[in-house]
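**Student:** any chance you can model this:
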Amino acid sequence: MSKIFIFDVDGTLTPSRLPMTKKFAKFFDKWSSTNKYYLVTGSDLDKTKEQLPIAYIDRAEAIFTCCGNQMWRDNELIYNNKFELTSKLKNALDIVLMSSPYPHRYGNHIEDRGSMVNFSIVGRNCTQEQREEFFKWDNEKGERRKISIFLKQKFKDLDAVLGGQISIDIYPKGMDKSQILDIITQERLVQPSEYIFIGDRTQIGGNDYPLAKLMRETDDCDYYQTESWEKTKQILEKLSD
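**Tutor:** Below you'll find the model as predicted:
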């Protein structure tokens, strides 16, 4: 029996918040024509379409957006776990934003995606260069990790995890990427020999961690940590040997 793959998108199949590279697209075009896979991302569907060629979205068995809180198939919304941005959470994020020592703000700091909230100090309207500047600063200062800990302590019913290079994903506890594994396994008429997840944020505190942890604890499941599309390509080539 064949393997079923589950991919994160940002930082796994594409550079962070950028389209898939031509080199990887050439490889993935051939690979995706003979393998079954699902996509799971913290982004919404529109942002995913900006990063992935439509052919690879169409070839996916399904797409889970907003950290698994929305499921799409053939451009149809299959389910949507709604999450309301409360005034209490909004006020807390506004205070965190004002208190951050990072000197630059570029707009779109609190993005309500309907089933989760994406929060960014630098702001999602930043350029790629400004994104890289913040990412380097955050790697040195660890501010996003500190903010995540603060939010989880203040809001006991919520989880806050690192997503991509500049943001924090916020959603109800348990409503993370791990929820998709049951859905995937239940809808398969013929069970594969193995389920394999590949993501770039599989460490504790990352938005891929809950799914990676569940894969590690579940029979016939495994996961791989990647840092880039180049590493993902190497993993897929090795698994194809």
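
**Student:** rest of the way, CA atoms for contacts and neighbours
**Tutor:** Fine.

**Student:** care to break this structure down by domain?
**Tutor:** 3-80+175-240, 87-172 (automatic domain parsing).

**Student:** what average pLDDT does the longest one get?
**Tutor:** If I follow you right, that is domain 3-80+175-240. In this model, domain 3-80+175-240 carries a mean pLDDT of 95.

**Student:** circling back to that earlier point, turn the domains of the chain into a markdown table, including mean neighbour count.
**Tutor:** Formatted as a markdown table, the domains of the chain follow (neighbours: other CA atoms under 10 Å):
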| stretch | mean neighbour count |
| --- | --- |
| domain 3-80+175-240 | 18 |
| domain 87-172 | 17 |
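
**Student:** strands of this structure, residue ranges please.
**Tutor:** 3-7, 36-40, 63-65, 70-73, 76-80, 110-112, 117-120, 158-163, 167-172, 194-199, 221-225 (DSSP state E).

**Student:** would JSON lines of these with distance to Thr21 be doable?
**Tutor:** Formatted as JSON lines, these follow (distance: least, CA to CA, whole Å):
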{"stretch": "strand 3-7", "distance to Thr21": "16"}
{"stretch": "strand 36-40", "distance to Thr21": "17"}
{"stretch": "strand 63-65", "distance to Thr21": "20"}
{"stretch": "strand 70-73", "distance to Thr21": "24"}
{"stretch": "strand 76-80", "distance to Thr21": "27"}
{"stretch": "strand 110-112", "distance to Thr21": "27"}
{"stretch": "strand 117-120", "distance to Thr21": "25"}
{"stretch": "strand 158-163", "distance to Thr21": "21"}
{"stretch": "strand 167-172", "distance to Thr21": "23"}
{"stretch": "strand 194-199", "distance to Thr21": "17"}
{"stretch": "strand 221-225", "distance to Thr21": "20"}
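
**Student:** closest to Asp29 out of those?
**Tutor:** strand 36-40 (12.5 Å; CA to CA).

**Student:** that closest one pairs with which strands?
**Tutor:** Strand pairing for strand 36-40, using DSSP bridges, gives strand 3-7 (parallel), strand 63-65 (parallel).

**Student:** give me the angle between that strand and strand 194-199.
**Tutor:** Between strand 36-40 and strand 194-199, the angle comes out at 40 degrees (axes from the mean of the first three to the mean of the last three CA atoms, to 10 degrees).

**Student:** now do strand 36-40: everything it contacts.
**Tutor:** If you take CA atoms under 8 Å, 6 or more residues apart in numbering as the criterion, strand 36-40 is touched by 3-9, 60-65, 67-68, 177.

**Student:** distance of the nearest residue to Lys3 once chain neighbours are set aside from Ala92?
**Tutor:** Distances taken as CA to CA, 6 or more residues apart in numbering put Glu194 closest to Lys3, at 5.0 Å, once the chain neighbours are dropped. Glu194 sits 42 Å away from Ala92, going by CA to CA, to the nearest Å.

**Student:** equivalent analysis for Ile147, please.
**Tutor:** 11 Å.

**Student:** now do the contacts for the residue nearest to Lys3.
**Tutor:** 2-4, 220-222.

**Student:** same thing with Asp74?
**Tutor:** Taking CA under 8 Å, 6+ apart, one finds 58, 62 in contact with Asp74.

**Student:** what do you get if the cut-off is 7 Å, keeping everything else the same?
**Tutor:** Asp58 (CA atoms under 7 Å, 6 or more residues apart in numbering).

**Student:** could you do Tyr79 as well?
**Tutor:** 70-71.

**Student:** who does it form a beta bridge with?
**Tutor:** Bridge pairing for Tyr79 (DSSP bridges) gives the partners Met71.

**Student:** relative to Met71, how far out is it?
**Tutor:** 5 Å.

**Student:** cool, Lys238 as well?
**Tutor:** In terms of CA to CA, Lys238 sits 29 Å off from Met71.
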